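Q: My questions concern the predicted model and sequence given below.
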2 protein chains.
Amino acid sequence: MNNFEFFSPTCFVFGKDTETKTGEYVKRFGGTKVLIHYGGGSVIRSGLLDRVKRSLDEASVHYTELGGVKPNPRSGLVYEGIELCKKENVDFILAVGGGSTIDSSKAIAAGVLYEGDFWDFYRGKRIEKALGVGTVLTIAAAGSEGSPDSVITKEEGMFKRGASGDAIRPKFSILNPALTQSLPPFQTAAGITDIMAHLYERYLTNTRDVEVTDRLIEALLLTMRHEGPRVIADPDNYEARANIMWAGTMAHTNSCGVGRSQDWLSHTIEHELSAMYDCAHGAGLAVTMPAVFTYELSHNVMRFAQVANRVWGCQMDFENPEVTAKAGIEAFRNFLISIGMPKNFKELGAKEEDIPKLVKVLCRGDGRDGTISGFVTLNEDDCDKIYRMMI
Amino acid sequence: MNNFEFFSPTCFVFGKDTETKTGEYVKRFGGTKVLIHYGGGSVIRSGLLDRVKRSLDEASVHYTELGGVKPNPRSGLVYEGIELCKKENVDFILAVGGGSTIDSSKAIAAGVLYEGDFWDFYRGKRIEKALGVGTVLTIAAAGSEGSPDSVITKEEGMFKRGASGDAIRPKFSILNPALTQSLPPFQTAAGITDIMAHLYERYLTNTRDVEVTDRLIEALLLTMRHEGPRVIADPDNYEARANIMWAGTMAHTNSCGVGRSQDWLSHTIEHELSAMYDCAHGAGLAVTMPAVFTYELSHNVMRFAQVANRVWGCQMDFENPEVTAKAGIEAFRNFLISIGMPKNFKELGAKEEDIPKLVKVLCRGDGRDGTISGFVTLNEDDCDKIYRMMI
């Protein structure tokens, strides 16, 4: 196991009706003038935004607001948010929505206290400080409610890039599983896929002797395997939603990923798809992961056999572990299809003829040197092959 | 799943040589004048105390010190520590040791900022504030390095009682698995037992639909089942020690116990044993748990069958789940014996003739009303029977 520091000082407030406590938590974590940041109409239509505002009013917290966050959030709105916060002397950002809204909020929070261009952080500059961020989560997926990460797409060049830093970890996150009950099945399934991707990306490690984190990841994957279909079959199942929501948060605080190298190649390869086609990140991952895993398999057959056996219940073939390993990838692919995820470029809305362009942005875009690294290192030729496996 | 708040803002610094960073972390969390609190000679003999002091010197942090913490830490030393801190204007407590030292440090930290008798907290008073506490852990066992809990024994009456509050969660904990390599095998095994007890106490719940936390607990139990014997067979195995140490911390931050009722009857029943005989808490738990579980079994056979099947690999007997459930308790008992734990009163040094006194202190001591509650509710007669099962 590698040395590590793990610091997750987010206060998680979990359960029914917890959004009515938003004002109380904003105050507890020092917010006096809040920017409420959100996406489109659903948080308005559902009455959630009103409930949150009422809670802020009751706590005598002032606020201004900025809607319009889109999936795969863009830099344009981040710049707008930064300007608004400066003008209105905002000292706390409250994200009401999913991963996109939270990521956009984190970018604004870091940008307000930085004199340069916030995009510097997405090109690798360390985030030293940021306004406090709180979240009211509406979808179990990205894990951004408990992570130090943010992913933003820059309109010029359509680069989708991530930044990370403890300064942008949310101060508190309000997790009410009931808020996710109104999600369309496709979005629920895309969220499930994203959570499982966060687990696989950590599972695929080159660090040896990491049983404790292996087991924790498997525990969360098993939970998703069991609760995922339950919630797809019965969208109003609060208990299944609750299990998925806590699994989604635990998947990404990194308590199950400490002390080990991680992969993240599926995310990296998918990002170019959602940047180019504006598809749901989870849907892109559903198509990407089986291809990436199949390509990576020979790098460590036993690791894929282990997850196949322990999570997917595939009998271990002791003479031919590769059979088990492949069966696990196939079981995962079938699981994703069963919950309604796309299985190839066509279903995703991606085009074969775009592959050269995708590979170029992926491997050469925004300062990259022709390779991307994780569980294995891939060059342009590898990435071309992987995209073609998804056709 | 029940509603909950989960807030674990402890910074965990894990790995080889991390104790050399102690001074840096004390400063980061605001300490300027530190009380170094520790137990007996081992931290001196091993040179650890000197390394910690050197680190504080390098960070220009002032310190005073108080040794002498014993297993099952006593109130007397806590009073002494509180006086010393007031006299020396200490603003941060640094525990160098195991659970006893950390628990004693937490009690001092709360007591310094309280005008009344610190024992009030151990009789149920809420801890509103405390000095910051940091830890340098020397044994994987109690989980106190990441928990809001402290257990102290009051000399008058020998009451062993717990207090809990977010104010006494450590600000940082330094976890170097190598520091545990010099532990005698018995203490290592007692620590393993304590960690597994923390997991079982959470597993035995009356809350339904808690798959995610069930799976996380099982993951940590599986880790202990596999890594425990490895470290007993090979005390210098750093990797096994590392897996056990992170499992021990994760077992008790409560991330795997949120949203569910918990048991804690084995702890409650054991506390009277270690208070009366001054035995190792883990050793007491090894004798107590199989008896308590057997007594509780009929309350929820399927829960015991589940852990038997998923953790201990017992074949599920679908016609007679009770057979599986009992086989799981037996497998756990044999595991504990195999790592060198005592299996009965005699091996523990407890006496049959003391049972009436144990039951009285347990059920009537320090304000209790004749019953104790957890997974089930037990009266004096039940507790008498349970202690007799341990003979």
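A: Arrived safely. Residues are numbered from 1 along each chain as shown, chains lettered A, B, ... in the order given.
Q: touching chain B at all, stretch A:1-18?
A: Yes. Applying CB under 8 Å from any CB of the partner chain, one finds stretch A:1-18 touching chain B at A:1-16, A:18. C-beta: built from backbone N, CA, C; applies to glycine.
Q: Got the phi and psi for A:S338?
A: Per-residue torsions, A:S338: phi -60, psi -30 (degrees, to the nearest 10).
Q: hmm, back to that, can you flag which of the residues of stretch A:1-18 next to chain B belong to strands?
A: Using DSSP state E to define strands, the subset of the residues of stretch A:1-18 next to chain B located there is A:4-7, A:11-14.
Q: domain assignment for chain A?
A: Taking automatic domain parsing as the reference, chain A has its domains at A:11-179, A:185-389.
Q: which two of the ones in strands among the residues of stretch A:1-18 next to chain B lie the greatest distance from each other?
A: For these, the farthest-apart pair by CB to CB is A:F4 and A:V13; their separation is 26.7 Å.
Q: of these two, who's got more company?
A: Between A:F4 and A:V13, counting by other CB atoms under 10 Å in any protein chain shown, A:V13 is the more crowded of the two (23 against 17).
Q: Just to check, that one is in contact with A:I174?
A: Yes. Assessed by CB atoms under 8 Å, A:V13 is found in contact with A:I174 at 4.9 Å.
Q: Identify the contacts common to the two.
A: Residues touching both A:V13 and A:I174 (CB atoms under 8 Å, 6 or more residues apart in numbering or on different chains) are A:21, A:25.
Q: for chain A, which helix is longest?
A: The longest helix of chain A (DSSP state H) is helix A:211-233.
Q: Pull up the residues of the stretch 1-150 of chain A that are close to chain B.
A: A:1-16, A:18.
Q: what's the burial count for A:K33?
A: If you count neighbours by other CB under 10 Å, A:K33 ends up with 14.
Q: ok, it - contacts?
A: Taking CB under 8 Å, 6+ apart, we find A:K33 in contact with A:61-64, A:88-92.
Q: got it, and A:V34?
A: By CB under 8 Å, 6+ apart, the contact list for A:V34 reads A:26, A:56, A:61-64, A:90-94.
Q: Helix or strand: which one has it?
A: Using DSSP states H and E, A:V34 sits in strand A:33-38.
Q: quick one: strands adjacent to that strand?
A: Paired with strand A:33-38 in the same sheet, following DSSP bridges, are strand A:62-66 (parallel), strand A:92-97 (parallel).
Q: all strands of the stretch 151-300 of chain A, in order?
A: A:159-164, A:172-175 (DSSP state E, counting those that start in this stretch).
Q: Who are the packing partners of the first one?
A: So the one you mean is strand A:159-164. Where contact means 3 or more CB pairs under 8 Å, 6 or more residues apart in numbering or on different chains; DSSP states H and E, strand A:159-164 is packed against helix A:99-112, strand A:149-154, helix A:265-277.
Q: ok, back up a step: just the buried residues of the contacts of A:V34.
A: A:26, A:56, A:61, A:63, A:90-94 (16 or more other CB atoms under 10 Å in any protein chain shown).
Q: closest to A:K385 among those?
A: Nearest to A:K385 among the buried ones among the contacts of A:V34, with distances taken as CB to CB, is A:I93, at 41.6 Å.
Q: which element is A:D50 on?
A: Assigned by DSSP H and E, A:D50 belongs to helix A:48-58.
Q: and the residue nearest to A:I192 when sequence neighbours are not counted, how many neighbours?
A: Counting by CB to CB, 6 or more residues apart in numbering or on different chains, A:G228 is the residue found nearest to A:I192 once chain neighbours are left out, at 4.6 Å. Residues within reach of A:G228, counting by other CB under 10 Å, total 25.
Q: so A:G228 makes contact with A:A247?
A: No. Counting by CB under 8 Å, A:G228 sits too far from A:A247 to count as a contact (9.6 Å).
Q: and the stretch 201-350 of chain A, which residues reach chain B?
A: Neighbours of chain B within the stretch 201-350 of chain A, by CB under 8 Å from any CB: A:208-213, A:215-216, A:218-220, A:222-223, A:226-227, A:239-240, A:242-244, A:246-247, A:250, A:255, A:258-259.
Q: Tell me the buried residues within those residues.
A: Among those, the ones that count as buried by 16+ other CB under 10 Å are A:209-213, A:215-216, A:218-220, A:222-223, A:227, A:239-240, A:242-244, A:246-247, A:250, A:255, A:258-259.
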